[in-house]
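Peer 1: got a predicted model here, sequence first, then my questions.
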Amino acid sequence: HNSVTAAKYLLVGKAHLPRLVTEGVFLSTPTVVGELTGHDLCGSTCFTPLEAQSEVPVLPANYVTSDAGTGLVHTAPAHGLDDYSLCTHHGIAIAHHMVGERGRFTAAAGTRLQGKDIFGDGNQEVMQMLREHGRLLHAGTVQHRYPHDWRTHKPTFQRATQQWFARLGDLRTTAAEALDSVQMLPESSRSRLTAMLSGRNEWCISRQRAWGVPIPVFYHRDTKEHLLNDESFEHVLQLVAQHGTDCWWSLPKEQLLPPSLRDHAEDYVLGTDTMDVWFDSGSSWRAVVQQRCGQEAVADVYLEGSDQHRGWFQSSLLTFAAATGKKSFPSPFRRLVTHGFVMDENGAKMSKSLGNGVDPATIINGGSNKKTEPAYGADVMRMWVASCDFTGDAAIGQNALSLAADQVRKVRNTARFMLGSASDFDGRPPGQLVNLDLYMLGLCAALEEKVSAAYESFAFLKAQQAILSFVNSDLSSFYFEIVKDRLYLEPQDSAERRSAQYVLHVALGSLQRAVFPILCHLAEEIAGFRQGKDPAKESFDSMLKCSYPLPTQPDNGVVERWNILREVRKAVYRAVQSEREAGQVPGAAGSTVHLCTSEKIAQALQPLQIQDQFGNSELNAALMTSQVFVVGEQTPSLTWTNQALDNNETIGVSVSATQSSQCPRCWRYMATVNNTLCARCRAVLDARS
């Protein structure tokens with residue numbers, strides 16, 4: 001090639017030759033005068049392009065590929081892990097650094113390059129020197145992957161430096177075995193952390209930062225030999241206990257050296273390396289837990305993001321294994337909980353440069369535009385957190401927050417209804433509870449048991465789902481719908497009304513306890529209103545200081561009976577809706593319903609069919625119909641539809657318009673004459689007057 005002088009032959013990889021011609025490296029197809037294998041080259045030497053007397057060996061490397069270059073690459077052991085490993089394997093040490101800490105050439109690179117930026121003027125100067133020496137065969141631009149700093153988006157470079165290492169050896173095995181005694185959430189994190197531990201041979205514990213905990217090492221000014229022995233370490237340890245870690249930077253060197261070497265202070269310099277921050281946090285089991293709770297104490301829970309499998313979780317296990325060995329409990333934590341990360345609404349990672357970050361303060365207090373960024377308050381954000389599967393990444397945005405706000409609003413309105421409906425209740429349990437109320441207490445007890453188990457296992461999503469199901473299905477669409485009749489229409493001090501109020505009183509306490517870990521502010525607000533105080537204006541006792549009655553489980557017969565009735569109720573609702581859409585009935589209240597069921601269902605419903613003096617029954621009240629009859633067979637005179645239940649049974653339902661009239665007070669079709677009171681309402685008003 002006419003731009004390269006004193007070159008009789010050129011050596012390239014055979015597989016590279018066609019591409020090199022295509023890319024214009026050769027002006028024409030060169031003549032092949034011979035072939036060598038890579039093995040033939042091993043043991044030979046060559047001279048560097050700019051230093052004719054600098055002889056270097058040719059080494060085989062399995063990371064040289066045929067998709068780029070010439071098949072022969074330069075090796076820079078001070079600036080790449082592959083190159084460093086290759087040279088170390090062949091016994092080649094790093095003699096000197098040609099690039100300094102600031103990315104500029106050092107004196108070892110020669111006077112023309114010294115001080116120049118390796119990515120800027122230094123790179124251009126190298127090209128010029130190659131041209132001047134007749135050593136530049138071809139110059140071009142290559143697009144390839146190269147590491148960049150995630151903050152500045154500028155290219156980075158690697159540089160081998162002297163560091164302090166902890167040889168892990170058997171420690172990694174001890175640390176991995178300790179995980180057998182740890183509860184991992186999610187369980188999949190166990191294999192990930194174990195794999196990271198088993199694949200780690202050493203730990204670089206030193207860093208070159210202007211801040212951090214210093215590594216207390218002295219270096220001899222001439223020999224560079226380090227001084228770190230029991231005497232020097234214990235002396236510095238005492239100074240740190242008195243003055244803190246900054247003493248390494250603030251106290252004179254004579255005071256930092258042990259007494260036996262103070263007269264030789266001029267012979268030593270202080271090391272400037274700091275400890276890896278993971279060593280700091282990784283020893284918190286000692287500095288925090290055991291300092292406060294005793295030498296055998298371990299943390300109940302370690303909670304952090306999934307990135308800490310290579311960080312805090314791992315460093316804690318390793319330092320614990322190194323310092324304590326196998327104690328009564330082999331790990332610094334009993335449970336390890338790993339969570340994912342918060343993404344934007346589109347599932348993208350939040351970034352300052354992208355401007356897609358979500359500020360919690362804006363969620364709570366609102367943004368500059370309250371229409372687009374309303375103030376949701378802390379409880380809504382906490383409800384959103386509870387609604388996420390924290391073991392994976394979670395997306396947040398206005399849609400997710402709006403849904404969480406609706407959920408909080410539903411819980412709040414449910415609590416408001418219970419507070420208002422039980423406002424005149426004195427808290428004393430009635431002598432006997434209505435059958436439905438016994439069942440509702442059982443649902444409250446089941447909620448507390450389910451939610452407690454979910455919180456104990458960090459299953460916040462399960463707890464939230466249980467709460468919302470209780471509020472929507474058990475209370476709002478079931479119990480409240482049925483019990484409003486008693487609350488609004490029965491005499492104020494009647495046993496039936498007081499029974500319902502007592503259950504609301506207990507259920508509100510169950511709801512408070514269930515939501516408190518998530519909606520703590522709402523739970524406290526409810527506590528204030530229960531004490532007759534306005535939480536926004538008056539002080540009140542925290543719910544943690546209040547004692548609310550606990551729900552009790554009824555016998556199995558009550559639970560089974562009402563579970564069956566709830567299935568029947570859904571079937572009747574479907575049948576009524578069908579007839580209502582056809583214009584045959586005004587709704588459930590104006591319907592007479594016949595049920596044809598199995599003997600098992602009929603027996604379960606039988607105690608609920610007992611009518612009071614006004615012709616009403618618990619079954620009728622639960623179905624919210626005018627009349628209801630349970631029959632043994634489907635009579636031809638009625639129109640029947642078969643309705644499937646969730647327990648795979650089928651019942652026959654017949655819906656027809658009632659012959660009774662609507663009472664203007666209770667709106668139920670229980671009156672004998674149109675626009676007149678039913679017998680129950682007439683008795684209530686007569687007693688009041």
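Peer 2: Nice, thanks for sending it over.

Peer 1: other SSEs contacting whichever helix in the chain runs longest?
Peer 2: In the chain, with assignment by DSSP state H, the single longest helix is helix 556-581. For helix 556-581, the elements it packs on are helix 435-456, strand 591-596, helix 599-605, helix 618-623, strand 641-644, strand 650-657, judged by 3 or more C-beta pairs under 8 Å, 6 or more residues apart in numbering; DSSP states H and E. C-beta coordinates here come from the backbone N, C-alpha and C atoms, glycine included.

Peer 1: any idea of the angle that helix forms with helix 435-456?
Peer 2: Between helix 556-581 and helix 435-456, the angle comes out at 100 degrees (axes from the mean of the first three to the mean of the last three C-alpha atoms, to 10 degrees).

Peer 1: avg pLDDT for stretch 319-336?
Peer 2: Stretch 319-336 shows a mean pLDDT of 86.

Peer 1: hang on, the earlier thing: closest to residue 332 out of the helices and strands packed on helix 556-581?
Peer 2: In terms of C-beta to C-beta, the element of the helices and strands packed on helix 556-581 nearest to residue 332 is helix 435-456, at 21.0 Å.

Peer 1: helices and strands around the closest one, which ones?
Peer 2: Packed next to helix 435-456, using 3+ C-beta pairs under 8 Å, 6+ apart, are helix 460-469, helix 495-515, helix 556-581, helix 618-623.

Peer 1: out of those, which is closest to residue 146?
Peer 2: That would be helix 460-469 among these, by C-beta to C-beta, at 41.5 Å.

Peer 1: next SSE after the closest one?
Peer 2: helix 481-489 (DSSP states H and E).

Peer 1: pull the residues that contact that next one.
Peer 2: The contact list for helix 481-489 (C-beta atoms under 8 Å, 6 or more residues apart in numbering) reads 421, 434, 436, 494, 496-497, 499-501, 503-504, 621-622, 624, 665-666, 668, 680-681, 684.

Peer 1: and the residues you listed, which are buried?
Peer 2: Among these, the ones that count as buried by 16 or more other C-beta atoms under 10 Å are 421, 434, 436, 496-497, 499-501, 503-504, 621-622, 624, 665-666, 668, 680-681, 684.

Peer 1: tell me where the stretch 151-300 of the chain has helices.
Peer 2: In the stretch 151-300 of the chain, helices defined by DSSP state H, counting those that start in this stretch lie at 171-178, 188-198, 230-243, 247-250, 253-256, 277-282, 284, 291-293, listed in chain order.

Peer 1: where does this structure have low pLDDT?
Peer 2: 1-7, 52-53, 325-327 (pLDDT under 70).

Peer 1: residues in contact with whichever helix or strand residue 338 is part of?
Peer 2: Using DSSP H and E, residue 338 sits in strand 333-339. Here strand 333-339 makes contact (C-beta under 8 Å, 6+ apart) with 179, 181-186, 189, 193, 285, 298-306, 308-309, 313, 316, 390-391, 458.

Peer 1: what does stretch 226-236 give?
Peer 2: By C-beta under 8 Å, 6+ apart, stretch 226-236 touches 216-220, 248, 256-261, 268, 271.

Peer 1: the longest helix of the chain: which residues count as buried?
Peer 2: Under the neighbour-count criterion of 16+ other C-beta under 10 Å, helix 556-581 has 558-559, 561-562, 564-569, 571-572, 575-576, 579-580 buried.

Peer 1: same check on stretch 528-543?
Peer 2: 528-530, 540, 543.

Peer 1: quote the end-to-end distance of it.
Peer 2: 8 Å (C-alpha to C-alpha, to the nearest Å).

Peer 1: got a PyMOL select line for the buried ones in the contacts of stretch 226-236?
Peer 2: Buried members of the contacts of stretch 226-236, defined by 16+ other C-beta under 10 Å, are picked up in PyMOL with:
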select buried, resi 216+217+218+219+248+256+257+258+261+268+271
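
Peer 1: what is the nearest of the contacts of stretch 226-236 to residue 375?
Peer 2: The closest of the contacts of stretch 226-236 to residue 375 turns out to be residue 248 (C-beta to C-beta; 47.3 Å).

Peer 1: make sure that closest one is actually in contact with residue 274.
Peer 2: No: using C-beta atoms under 8 Å, residue 248 makes no contact with residue 274, being 9.3 Å away.

Peer 1: overlap in contacts of these two?
Peer 2: Residues touching both residue 248 and residue 274 by C-beta under 8 Å, 6+ apart: residue 214.

Peer 1: among the contacts of stretch 226-236, which ones are in strands?
Peer 2: Applying DSSP state E to the contacts of stretch 226-236, the entries found in strands are 218-220, 268.

Peer 1: just flag the most distant two among those residues.
Peer 2: That would be 218 and 220, which, of those, are the farthest apart (C-beta to C-beta) at 7.7 Å.

Peer 1: what is in contact with those two at once?
Peer 2: 226-227, 268.

Peer 1: and those, which is closest to residue 592?
Peer 2: Checking the shared contacts of residue 218 and residue 220 one by one against residue 592 (C-beta to C-beta), the nearest turns out to be residue 226, at 96.7 Å.

Peer 1: any idea what the closest one is bridged to?
Peer 2: Counting by DSSP bridges, residue 226 forms beta bridges with residue 219.

Peer 1: and the gap between residue 581 and residue 621?
Peer 2: According to C-beta to C-beta, to the nearest Å, residue 581 and residue 621 sit 24 Å apart.

Peer 1: equivalent analysis for residue 330, please.
Peer 2: The gap separating residue 330 from residue 621 is 60 Å, by C-beta to C-beta.
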